[in-house]
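**Student:** here is a sequence with its predicted model. Questions after.
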Amino acid sequence: MIGRGDGGRQQGWNGPQNYPVTLGTVHPDVSADLGELDTTLRTVESVLDVEELRRRIDELEHQAADPDLWNDQEHAQQVTSQLSHSQAELRRVEELRQRLDDLPLLYELAEEDAGAEALADADAERESLRADIEAMEVKTMLSGEYDQRDALVNIRSGAGGVDAADWAEMLMRMYIRWAEKHGYGVEVYDTSYAEEAGIKSATFAIKAPYTYGTLSVEMGTHRLVRISPFDNQGRRQTSFAEVEVLPVVETTDHIDVNENDVRVDVYRSSGPGGQSVNTTDSAVRLTHIPTGIVVTCQNEKSQLQNKVSAMRVLQAKLLEVKRKEERAEMDALKGDGGSSWGNQMRSYVLHPYQMVKDLRTEFEVNNPSAVLDGDIDGFLESGIRWRMRETQA
């Protein structure tokens, strides 16, 4: 692939104006479509700044080769994570460019073959490429102040009793499966189990660049409609769970927490059904007295580790409080009373029909099983595009 210094020219073909010659009698709509895909991909390449991305990879590779890197494990993990993400991003955009460069040849071969199957294969590759380029385009919309951060996800069961607790656990699994499918690291800080089934709440981090910007569109109330597995009469039950997504705090955020403002309580960590899973008081609960924010962490082995993790969560919540205050001030200056994304943002219906629908974007899928197994990229992409339109309106 040629870099940005070539004036935008690419190997293989020089833009849509060459298609009528290159593609012979292929329908003009195909030529126009490939030209549109090229324009979109050029925009993606420009926003990503491919040459700067290569320079950044060289720099990170140099840092990763330093034998003293792992003296600071947290910094080392950041370097290796950023390197892996940057390499994957560069590889992805280069593969998209190569596939687009190859498409005219596919159509030439289909024309020479004069077979419907060859043409269908070329059309299928064109549609697949369109979906992949559009997904990459969505990434370029993540330009917010904290969008490049790791994500801290909080899930709380809402109305619906034991079904709601079970639903909260299903959502937790959905996001963790999504992270696993993308090769992202997950660190669970706290899980508060309900008595009969499911969870009351959970807090976990998904560790990969831009996961906050990507998952922030998931904030809100998620609604489940199904036949309750906990109702011996087999009645339909509606239950709710709340999802909160925060950016992981970094040292540059200057979120100072006065130790005198924090009450620290320790207790024994518990598992499903409230049973004790640790014989020492290693679990930690932090209460920020000025705001009333309470966070807990019980998944680490030592009290000190749990306290450090809980403090990270507390700082993230305090950062969100600060951001909300700043947004409220800006909204007051604008005189629009603030904007609201609405509380209930998605419905998952398992009975009497099968459908998952986003109430903001109208995006819907008729395969809830796949969605609950982590296949949520379509919802994330439509949510990011929706947010972009809302902010530009």
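**Tutor:** Cool, got the structure.
**Student:** how close does residue 357 get to residue 296?
**Tutor:** Separation of residue 357 from residue 296 (C-beta to C-beta, to the nearest Å): 33 Å. Glycine gets a C-beta too; all of them are placed from N, C-alpha and C.
**Student:** all helices for the chain, in order.
**Tutor:** Assigned helices in the chain, in chain order: 19-22, 28-48, 50-64, 73-113, 116-139, 161-181, 211-215, 303-334, 368-372, 377-392 (criterion: DSSP state H).
**Student:** which strands or helices does the second one pack on?
**Tutor:** Translated: helix 28-48. helix 19-22, helix 73-113, helix 116-139 (3 or more C-beta pairs under 8 Å, 6 or more residues apart in numbering; DSSP states H and E).
**Student:** could you dump the helices of the chain to JSON lines with mean neighbour count and mean pLDDT?
**Tutor:** Shown next, in JSON lines, are the helices of the chain (neighbours: other C-beta atoms under 10 Å; pLDDT from 0 to 100):
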{"stretch": "helix 19-22", "mean neighbour count": "14", "mean pLDDT": "37"}
{"stretch": "helix 28-48", "mean neighbour count": "17", "mean pLDDT": "89"}
{"stretch": "helix 50-64", "mean neighbour count": "14", "mean pLDDT": "94"}
{"stretch": "helix 73-113", "mean neighbour count": "16", "mean pLDDT": "89"}
{"stretch": "helix 116-139", "mean neighbour count": "15", "mean pLDDT": "90"}
{"stretch": "helix 161-181", "mean neighbour count": "21", "mean pLDDT": "97"}
{"stretch": "helix 211-215", "mean neighbour count": "25", "mean pLDDT": "95"}
{"stretch": "helix 303-334", "mean neighbour count": "16", "mean pLDDT": "81"}
{"stretch": "helix 368-372", "mean neighbour count": "15", "mean pLDDT": "97"}
{"stretch": "helix 377-392", "mean neighbour count": "16", "mean pLDDT": "90"}
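**Student:** nearest to residue 244, out of those?
**Tutor:** Proximity to residue 244 (C-beta to C-beta) singles out helix 303-334 among the helices of the chain, at 8.2 Å.
**Student:** I'd say residue 45 and residue 97 touch.
**Tutor:** Yes: using C-beta atoms under 8 Å, residue 45 is in contact with residue 97, at 7.4 Å.
**Student:** what is the longest strand belonging to the chain packed up against?
**Tutor:** Looking across the chain with DSSP state E, the single longest strand is strand 236-247. Packing partners of strand 236-247 (3+ C-beta pairs under 8 Å, 6+ apart): strand 151-157, helix 161-181, helix 211-215, strand 220-227, helix 303-334.
**Student:** which of residue 357 and residue 296 has more neighbours?
**Tutor:** residue 296 (23 against 17; other C-beta atoms under 10 Å).
**Student:** thinking again about what came up before, and the longest strand of the chain, average pLDDT?
**Tutor:** The pLDDT scores in strand 236-247 average 94.
**Student:** check contacts around residue 225.
**Tutor:** 236, 237, 238, 347, 348, 349, 350, 351 (C-beta atoms under 8 Å, 6 or more residues apart in numbering).
**Student:** and those residues, which are buried?
**Tutor:** 237, 238, 347, 348, 349, 350 (16 or more other C-beta atoms under 10 Å).
**Student:** got JSON lines for the contacts of residue 225, with distance to residue 137 too?
**Tutor:** JSON lines is the format used below for these (distance: C-beta to C-beta, whole Å):
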{"residue": "236", "distance to residue 137": "40"}
{"residue": "237", "distance to residue 137": "39"}
{"residue": "238", "distance to residue 137": "36"}
{"residue": "347", "distance to residue 137": "27"}
{"residue": "348", "distance to residue 137": "27"}
{"residue": "349", "distance to residue 137": "30"}
{"residue": "350", "distance to residue 137": "32"}
{"residue": "351", "distance to residue 137": "36"}
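**Student:** which of these lies closest to residue 214?
**Tutor:** residue 348 (19.7 Å).
**Student:** identify the bridge partners of that closest one.
**Tutor:** residue 224, residue 356 (DSSP bridges).
**Student:** got the contact list for the nearest residue to residue 386 once chain neighbours are set aside?
**Tutor:** Leaving aside its sequence neighbours, residue 386 sits nearest to residue 361 (C-beta to C-beta, 6 or more residues apart in numbering; 4.5 Å). Residue 361 makes contact with 379, 382, 383, 385, 386, according to C-beta under 8 Å, 6+ apart.
**Student:** sweet, I'm off.
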